[in-house]
Every structure is written in C-alpha cells, then in structure tokens.
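S.K.: sequence first, then the predicted structure, then my questions.
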Amino acid sequence: MSNKIVSIIIVAAGTRDFLKSCLDSIRGQGYPDKEIIVIDNSLNRDFGQEFQQAYPEIKLYPSRENLSYCQALNKGIGISKGDFILCLNDDVVLDKDFIDEALKSFTFSEDTGIVSGKILRFDKVTIDSAGLSLSIWRTAEERGYGDKDRGQFQGKCRVFGVNGAVAFYRRNLLEQIKVGEEYFDSDFGYFYEDLDVSWRAHRFGWKGYYTPAALAYHLRGGTARQGSNPNKRFARHYLNDDLLFDLVKNRYLAIIKNESFFNLIIHFPFILFYDVFAWGYLLFFRPRLIKRTLRLIKTAAAAFKKRKLMDKRLEGK
C-alpha cells in the first residue's frame, strides 16, 4: 500500500505539549505517503503560527469559532485527499510503525473498513482500548479498558469498531455512510461519535479489525477533561455539564440512528436498566441537567430524519 495516501486529521485543543508529542510521533512514521492536517481549535493565533513554523509539513487550518470534535473532523476530512483517514486526538502518540502495521490489516478483506490498534495509556502498561464493542446496554465498550496489558489481546481479530482517539478508516467507507457533508454527526459533539460511525458502517456491510502490532498511546481525558483527572475511571464524575449531557444524549442518538427494531426489543430490558442508573445519577448529582431534556427531544427528531435517509440509501444499495 506504499502508493496509497494516508490523511492524518488532528484536532488540536490548544495544549502545546500534547500537539508537539503527537506531531513528533507522526514525523517518526516510516510510511512516506501521508498528509497531515491540523484543525487548530485553540482560537489562539500564536498557537497555530508556532506549530506551522516548527512543522512546515503540516497543513494547519485555524478555526474562527470553537468547533466540536465532530465538526472539526468533518472539516479536516472534507479537505483531505487520502485513500485512508486516520483521525487523532492531540493527546495521542503513535508508535513508529503504527501506520505501516495498521495498513496491513486493511488487506485482510475488501470489506475491512475500520482498523483498531492496541491503544495503551502513557504508562505503556494500562490498556486504553483494544477495539470498540457494542454492549448489551447499547453503550460503547472498550475492550480491555483500564486493565493491565498482560498479552491478553495479542491476537488479531474482528471488532465492532475503533476508539475515536485513534480511528483509522478506509475513505470509501466514510464517503458511503456520510449524511450530507457530514462524516461524523455534528449533533453528537463529543462522545459516541466513534460508535455511531462504526454502527453505520456495519449497516452497510463494512467490518472492523484489530491488530495489536499497531501501537498507540493515549492520555485518557487529556482533552475532554481539560487536563484534570486524566486516566481515571468513571469519566462522568470529571466532565463539565455540557460534556456530561453529550455523553447521555449521544447514546440515544446512536440507538435511534442505527438499532434495528428486532434488536431493540431484545435489548430493551438492558437499555432500561442502564437508563435507570444513568438518569438516577443525573437526578442526585447533576439535577440541573434534567431541564435539558427538551434539547434531547429536538436532537432525537433530527436523528430520526437521518435514520430515514440512511434507510433509503440502504434500500437502494
């Protein structure tokens, strides 16, 4: 695949050390045919200029407004030209062979459209993700999340999807599942956007693949938790109100857009059980968020419309 272009899309939140480490790790990749697109979401002109001078090979696009993660990714993918798209958080560092090893997995079969590597925390012993799965609660579940790496995920295998911090896609997949000009649903903002893309891909017959040889390192919560309490479990405790509401809202949007009626009936008891605890948490610890339910209804209506568009496209496939 040495003649295939890999477009690397990085959403920069404005933390210099994060972005520098990320770009240095990309510079160290042996794979030659790549373009690096940085969506500068810092709203700091000096920040972008500093990195453009230090890394002249990057294509830097400063945002005039604070874009959500999905909006920033859509902007980057839309101007990219690669056959494969690697979406990165800026708090990620790639092993020197990551791209080469991940690309090998796309050759496993023609319907392999998503590839996950083994993502460890910065301590290099704690697993952040060994691929994404869809739980019985209809949540995004990371294989091995928070466990020590003892070699239990050393086998290559099929997976449902990939963690959004280090997400590798075949471009054809993204073009097929996009709605309008959006590859990632901008109504999601943060959280569950990776599950939504993986779920849509599965509906169109694409498959995910996991390879432990593609290593990356991620500071869990380094961006979303604004530098506080990174790598800790129970992320909802450390999120601000807006992000916590996204975490609750986006699970429903993913279900509305992708779940079949048959599977919804089967999993409804588990969904309801999860909801009791999720809304109970909000009631006791963040009651001010309950009043945002009307916003959830509005975005749910938009999700149903997108579901209809996808269903029609699938019917004509």
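M.R.: That came through fine. Everything numeric in this text was worked out from a predicted model, so none of it was measured.

S.K.: and the contacts of stretch 152-160?
M.R.: Among residues not part of stretch 152-160, those counted as contacts by C-beta atoms under 8 Å, 6 or more residues apart in numbering are 105, 108, 114, 116, 118, 127, 130-134, 143-144, 198-199, 202, 207-212. From N, CA and C alone the C-beta is placed, and that goes for glycine too.

S.K.: quick one: the strands in the stretch 101-250 of the chain?
M.R.: With strands called from DSSP state E, counting those that start in this stretch, the stretch 101-250 of the chain shows them at 112-120, 127-129, 132-134, 140-142, 157-159, 166-170, 207-218.

S.K.: and of these, who's closest to residue 181?
M.R.: strand 166-170 (16.4 Å; C-beta to C-beta).

S.K.: outside of the closest one itself, list whatever touches it.
M.R.: Contacts to strand 166-170, defined as C-beta under 8 Å, 6+ apart, come from residues 83-89, 92, 94, 102, 106, 112-117, 119, 129, 162, 194, 197, 206, 216, 218.

S.K.: filter those residues to the buried ones?
M.R.: Neighbour-count burial (16 or more other C-beta atoms under 10 Å) applied to the contacts of strand 166-170 gives 83-89, 92, 94, 102, 106, 112-117, 119, 129, 162, 194, 197, 206, 216, 218.

S.K.: next, give phi and psi for the residue most central in space within the chain.
M.R.: In the chain, the centroid-proximal residue (C-alpha atoms, centre = their mean) is residue 164; its distance is 1.7 Å. Dihedral angles phi and psi of residue 164 (degrees, to the nearest 10) take the values phi -70, psi -20.

S.K.: please report how far it lies from residue 72.
M.R.: 12 Å (C-beta to C-beta, to the nearest Å).

S.K.: repeat for residue 91
M.R.: Residue 91 sits 14 Å away from residue 72, taking C-beta to C-beta as the criterion.

S.K.: now residue 271
M.R.: Note on residue 271: its distance to residue 72, by C-beta to C-beta, is 30 Å.

S.K.: between the two, tell me which one has more neighbours.
M.R.: Between residue 271 and residue 72, residue 72 has the larger neighbour count (other C-beta atoms under 10 Å), namely 25 against 18.

S.K.: the more buried one contacts residue 42, doesn't it?
M.R.: No. Here residue 72 does not reach residue 42: they are 11.2 Å apart, not a contact under C-beta atoms under 8 Å.

S.K.: the top helix by length along the chain: what's the following helix or strand?
M.R.: Once the chain is assigned using DSSP state H, the helix that runs over the most residues is helix 261-285. Sequence order places helix 293-315 as the next helix or strand after helix 261-285, per DSSP states H and E.

S.K.: and that next one, what does it pack onto?
M.R.: With contacts taken as 3 or more C-beta pairs under 8 Å, 6 or more residues apart in numbering; DSSP states H and E, helix 293-315 sits against helix 193-203, helix 241-258.

S.K.: dump the first one to CSV, keeping only the CA atoms.
M.R.: Meaning helix 193-203. Taking Å, rounded to 0.1, in the frame of the first residue of the first chain, the C-alpha atoms of helix 193-203 are listed here in CSV:
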residue,chain,number,x,y,z
GLU,A,193,-19.3,9.6,17.6
ASP,A,194,-17.0,6.7,17.1
LEU,A,195,-19.7,4.2,17.9
ASP,A,196,-22.1,5.9,15.6
VAL,A,197,-19.7,5.7,12.7
SER,A,198,-18.9,2.1,13.4
TRP,A,199,-22.5,1.2,13.7
ARG,A,200,-23.4,2.9,10.4
ALA,A,201,-20.5,1.2,8.7
HIS,A,202,-21.8,-2.2,9.9
ARG,A,203,-25.2,-1.5,8.5
